[in-house]
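[1] dropping a prediction and its sequence here:
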Amino acid sequence: MDKPRAADRIGTTVGNFKILDYKWDYEKKETFYFIKCELCHNEKWTQWSVVKKAVGCGCQDERKIAIAIKKIGTISNNSKILDYNWDENNKIMTYFVKCIY
Ligand SMILES: [Zn+2]
C-alpha cells in the first residue's frame, strides 16, 4: 500500500497526464489514478504502471496515424508513399515506398 505517495501525486504532471485524483481498488489491490490528458483533455482512471509508461492517452498515436493516411499517394524524396505500418508496441511508424526513378 502506498497511499501517502499516491496522495502526493495529485496535482502533478507525468508525461502529458495531469493527475487529478486516486483511489484504492480493493479487487485489483492497486491504486488507480484519475488523470487528464493535456493533449486532448480526455479524462480516465488508470493504473500507475500505465501513467508512468505512456506520454499520452493514445490520442497522439491516432494523430500520427491520421498524418500517415494523408501521406499515402504523396511523393517524398523521389519515393511515392504506398502504404504505412504502425508498430503499436514500439510506437514506430514505417512507410512502404516505391522509388519513382
Ligand atoms: Zn489524449
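    Great, that's in hand.
[2] got the residues of this protein near the ion?
    Residues of the chain found near the ion (Cβ under 5 Å from the ion) are C37, L39, C40, N42, G56, C57, C59. Every residue, glycine included, has its C-beta placed from N, CA and C.
[3] buried subset of the residues you listed as a ChimeraX selection?
    ChimeraX command restricting the residues of the chain next to the ion to the buried ones, with burial defined by 16 or more other Cβ atoms under 10 Å:
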select :37,39,56,57
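[4] looking at K64 now. What's its pLDDT?
    What the model reports as pLDDT for K64 is 91.
[5] where does it fall, phi/psi-wise?
    phi -60, psi -40 (degrees, to the nearest 10).
[6] what sits closest to it if chain neighbours are left out?
    M93 (5.8 Å; Cβ to Cβ, 6 or more residues apart in numbering).
[7] and Y84, by the same measure?
    A68 (4.0 Å).
[8] residue contacts, that neighbour?
    Residues near A68 by Cβ atoms under 8 Å, 6 or more residues apart in numbering: Y84, W86, M93, Y95.
[9] select from these the one having the most neighbours.
    Y84 (17 neighbours; other Cβ atoms under 10 Å).
[10] which helix or which strand is home to A66?
    In the assignment (DSSP states H and E), A66 maps to helix 59-71.
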